[in-house]
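Asker: predicted structure and sequence below. I'll ask about it afterward.
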Amino acid sequence: MSASDTPRGCPVAHHGAELTRLYGPEAATDPAAVYERLRKEHGSVAPVLLEGEVPAWLVLGYRDARRVLDNPRQFSRDARIWRDWLDGRVDEASPLIPMIGWRPDCVSQDGEPHRRLRGAVTDGLQAAAGRGIRRHVTHYANKQIDAFADAGHADLVADYAEYLPMLVLSRVLGLPEGEGRDLVESCAQVLKGGEDAVTHNARIQDILGELVVRKRSEPGGDLATALLEHRAGLDEDEIVSHLRLVLIAAHTTTSNLLARVLQLLLTDTSRLSGLISGQLNVSAVVEEVMWDSPPLAVLPARFAASDLELGGHRVQEGDLLVLGLAAGNRDPEIRPDTAVSVQGNQAHLAFSSGPHECPGQNIGQAVIEIAVDVLLHRLPGLRLAVPPEELSSTASTWESRLDRLPVEFGG
């Protein structure tokens, strides 16, 4: 019996051996086709397999995603109720653990523990933003461009988008610039999954643990110090976990979003000319990308707090759910015509929703806007160096990243 032949809600549909995998060759090259096939076969919620043949429900529908994200009592973020984990079917060395496993941070908690920890992070990020985040972005954007400005060509993924957000985040967190550059690969590996994910996650934890030790004796105007001194009284594990959370989430999403915004501008000359002439602003382009290519395509994770019905399926207590943000944003029930402009519509799922909505979205958008502005001012005649159809992407379970963005400028 295939997954498509199995009745909705049947346990076999959730734990069967022939379910669609959200990893592997097909998912890596054309995730959108996978989402649409699942939508046709199963509706707004589909049974899938994650790495290690771990079963999950993929939420494809916009309204169902909102229900899950906005109702923590029904859909908890606490992985300690994950049935497959409790039953020993998920190994501690699974590449899913860095993304889904429980940690002492606000993303892993609900209710009052979540409010206490999120308050500390929000306060720290607001303080960091008030200490000249735009100045830091401008400085590092120019520094990155200086490295290739005289060459007349560059790859705006490898030479710009991959590193700029991390350099800014290093300053925000209190890390030396060199350590920030070294962490780019580790953050990418955690999102990519595979056998190296756990190793790279441990490396990030070690570097941030050393940072916290340093900041106890050498405080500064950074997020690490802000968390150490916050009235919520975070312990060392909580502080390291939140620095890790901000580092991975903010870097990977902002670098991916920056690359996609630049791709859209360089493959549509009308948008690029509108931006240069002042008829279009960067925030409108960012909004469009948030709808059509959200930086996190699939959001981990929620766990059913009780047996319930979702999208025509019977979800059991302890089941794992992952949120298809890219699929939800293109749900034909709320966007029957994706060619219609979404400018001015901020109802996308890209920043999540509900109590766990991204607390640093304003900082991320500021990084994007300044990065694009500096690039266009520094590189006159900026243009794509290859036909648009030659641009390719590689996806993991959680995101789809642009492989390269070769450009020419000047002359």
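Answerer: Nice, I can see it. Note that the structure is a prediction, hence the values are computed from the model and not measured. Residues are numbered from 1 along each chain as shown.

Asker: quick one, phi/psi of the residue most central in space within the chain?
Answerer: For the chain, the residue nearest the mean C-alpha position is Leu296 (3.6 Å; CA atoms, centre = their mean). Here is the backbone geometry of Leu296 (degrees, to the nearest 10): phi -110, psi 110.

Asker: likewise for Phe75?
Answerer: phi -130, psi 90.

Asker: surely it meets Phe303?
Answerer: Yes. Under the criterion of CB atoms under 8 Å, Phe75 makes contact with Phe303 at 7.0 Å. Yep, even glycine has a C-beta here, placed from its N, CA and C like the rest.

Asker: joint contacts of those two?
Answerer: Applying CB atoms under 8 Å, 6 or more residues apart in numbering, one finds that Phe75 and Phe303 are jointly contacted by Leu321.

Asker: which one of the two is surrounded by more residues?
Answerer: Set side by side, Phe75 and Phe303 show more neighbours around Phe75, with 25 against 22, by other CB atoms under 10 Å.

Asker: and the more buried one, how far from Gly43?
Answerer: 18 Å (CB to CB, to the nearest Å).

Asker: repeat that for Gly233.
Answerer: For Gly233 relative to Gly43 (CB to CB), the value is 46 Å.

Asker: looking at those two, which has the bigger crowd around it?
Answerer: Gly43 (15 against 9).

Asker: wait, is Leu58 part of a strand?
Answerer: Yes. Membership of Leu58 in a strand is supported by DSSP: H, G, I helix; E, B strand; the rest coil.

Asker: mind listing what it touches?
Answerer: Leu58 touches Leu22, Tyr35, Leu38, Val45, Ala46, Pro47, Val48, Val298, Leu321, Val322, Gly324, Ala327, counting by CB under 8 Å, 6+ apart.

Asker: go again using 10 Å as the cut-off
Answerer: 19-20, 22, 34-35, 38-39, 42, 44-50, 298, 321-324, 327, 397 (CB atoms under 10 Å, 6 or more residues apart in numbering).

Asker: cool, Ser341 as well?
Answerer: Ala284, Glu287, Glu288, Trp291.

Asker: please redo it, this time with the cut-off set to 8 Å
Answerer: Contact analysis of Ser341 by CB under 8 Å, 6+ apart lists Glu288.

Asker: swap in Gly344?
Answerer: Applying CB under 8 Å, 6+ apart, the residues near Gly344 are Ala284, Glu287.

Asker: repeat that with 7 Å
Answerer: Not one residue lies near Gly344 by CB atoms under 7 Å, 6 or more residues apart in numbering.

Asker: from Ala326, how far off is it?
Answerer: Computed as CB to CB, the Gly344 to Ala326 distance reads 21 Å.

Asker: phi, psi for Thr20 please.
Answerer: Per degrees, to the nearest 10, the backbone of Thr20 is at phi -70, psi 140.

Asker: count of neighbours near the nearest residue to Asn71 once chain neighbours are set aside?
Answerer: Leaving aside its chain neighbours, Asn71 sits nearest to Gly354 (7.4 Å; criterion: CB to CB, 6 or more residues apart in numbering). For Gly354, the count of nearby residues is 14 (other CB under 10 Å).

Asker: does Gly354 touch Asp70 like I think?
Answerer: Yes. In this structure, Gly354 is within contact of Asp70 by CB atoms under 7 Å, at 4.1 Å.

Asker: which parts of stretch 206-217 are buried?
Answerer: By 16 or more other CB atoms under 10 Å, the buried positions in stretch 206-217 come out as Ile207, Leu208, Gly209, Leu211, Val212, Arg214, Lys215.

Asker: mind listing what the fourth one touches?
Answerer: Okay, so that is Leu211. Leu211 is in contact with Gly174, Leu175, Ala224, Leu243, counting by CB under 7 Å, 6+ apart.

Asker: coming back round to it: so who does the residue nearest to Asn71 touch?
Answerer: Per CB under 7 Å, 6+ apart, neighbours of Gly354: Leu69, Asp70, Pro72.

Asker: now swap in Ala56 and tell me
Answerer: Val48, Leu50, Leu320, Leu321, Val322.

Asker: show me what it is bridged to.
Answerer: Counting by DSSP bridges, Ala56 forms beta bridges with Val48.

Asker: tell me how far it lies from Asp84.
Answerer: 9 Å.

Asker: same deal with Glu51?
Answerer: Per CB to CB, Glu51 is found 13 Å from Asp84.
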